[in-house]
Structure formats: structure tokens, C-alpha cells
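>>> Fold the stuff below for me.
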Amino acid sequence: MSHLDRLRAVFRSALNLPADADVDGLEYRAIPEWDSLAHMALIAAMEDAFSIMVDTDEMIDMSSFAKAVELLESHDVGAATA
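Below you'll find the model as predicted:
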């Protein structure tokens with residue numbers, strides 16, 4: 001499973017979305033499920049799934065699925081698991 005597929009699964013799980021939900025275009029607060037509380041759960045789930053530590057600036061900047069992909073790449077996740 002690619003890091004992108006794993007990230008999609010983390011998003012679906014943390015935001016309590018259906019297994020087939022399209023999350024690639026998702027943005028923070030674009031759906032009721034992704035509120036500030038869910039954002040913290042999502043960050044924690046990403047940290048667990050990818051063995052990374054997300055700092056406060058990264059947490060604030062991660063406002064979409066695309067930004068989450070960039071975040072993983074900045075932690076060299078894509079290079080290691082692609």
C-alpha cells in the first residue's frame with residue numbers, strides 16, 4: 001500500500017468517513033466531520049501511522065488533504081514508502 005493510500009485510510013478513519021469516500025480534494029471545515037477536534041485526532045492518527053512528529057506550525061498549515069501529502073513529503077515519508 002502506498003503512502004497516499006495509507007493517508008487516505010487515515011483520513012477516512014479519523015474523520016469517520018465511509019471506506020469509499022473521496023478525500024483527495026478535502027479541505028479543513030469543508031465537511032462537518034473535519035472540525036477542530038477532528039483535526040487534532042487526524043494529526044495524532046497521522047503521527048501514529050507514519051511515525052512522525054508534527055509541530056504546531058505544520059498542524060496549523062495542514063488545511064487540506066493536499067497539504068497533508070506535502071507534510072508527509074517534508075518528513076520524507078513518500079520517499080521511504082513509495
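>>> What about the closest residue in space to residue 75 that isn't next to it in sequence, how many residues nearby?
Nearest residue to residue 75 in three dimensions, chain neighbours excluded: residue 52, at 4.5 Å (C-beta to C-beta, 6 or more residues apart in numbering). Quick note: C-beta positions are derived from backbone N, CA and C, even for glycine. Residues within reach of residue 52, counting by other C-beta atoms under 10 Å, total 16.
>>> Where does the prediction get shaky in the chain?
79-82 (pLDDT under 70).
>>> Identify the residue nearest residue 74 in space, chain neighbours excluded?
Nearest one to residue 74, counting by C-beta to C-beta, 6+ apart, is residue 58 at 7.6 Å.
>>> buried stuff in the host helix or strand of the one you found?
Using DSSP states H and E, residue 58 maps to helix 56-61. By neighbour count with 16 or more other C-beta atoms under 10 Å, helix 56-61 contains the buried residues residue 58.
>>> Quick check: which helices or strands does that helix pack against?
helix 65-74 (3 or more C-beta pairs under 8 Å, 6 or more residues apart in numbering; DSSP states H and E).
>>> Quick one: distance of the helix it packs on to the chain centre.
8 Å (C-alpha atoms, centre = their mean, to the nearest Å).
>>> longest helix anywhere in the protein?
Longest helix of the chain, by residue count under DSSP state H: helix 36-50.
>>> which other residues reach it?
Helix 36-50 has contacts (C-beta atoms under 8 Å, 6 or more residues apart in numbering) with 3, 6-7, 10-11, 13-16, 28, 34, 52-54, 59, 62, 68, 71-72, 75, 77.
>>> List buried residues within those.
By 16+ other C-beta under 10 Å, the contacts of helix 36-50 give 3, 6-7, 10-11, 14-15, 28, 34, 52, 54, 62, 68, 71-72, 75, 77 as buried.
>>> Mind telling me what element the closest residue to residue 18 other than its chain neighbours is part of?
Counting by C-beta to C-beta, 6+ apart, residue 12 is the residue found nearest to residue 18 once chain neighbours are left out, at 7.1 Å. Residue 12 is part of helix 3-14 when elements are defined by DSSP H and E.
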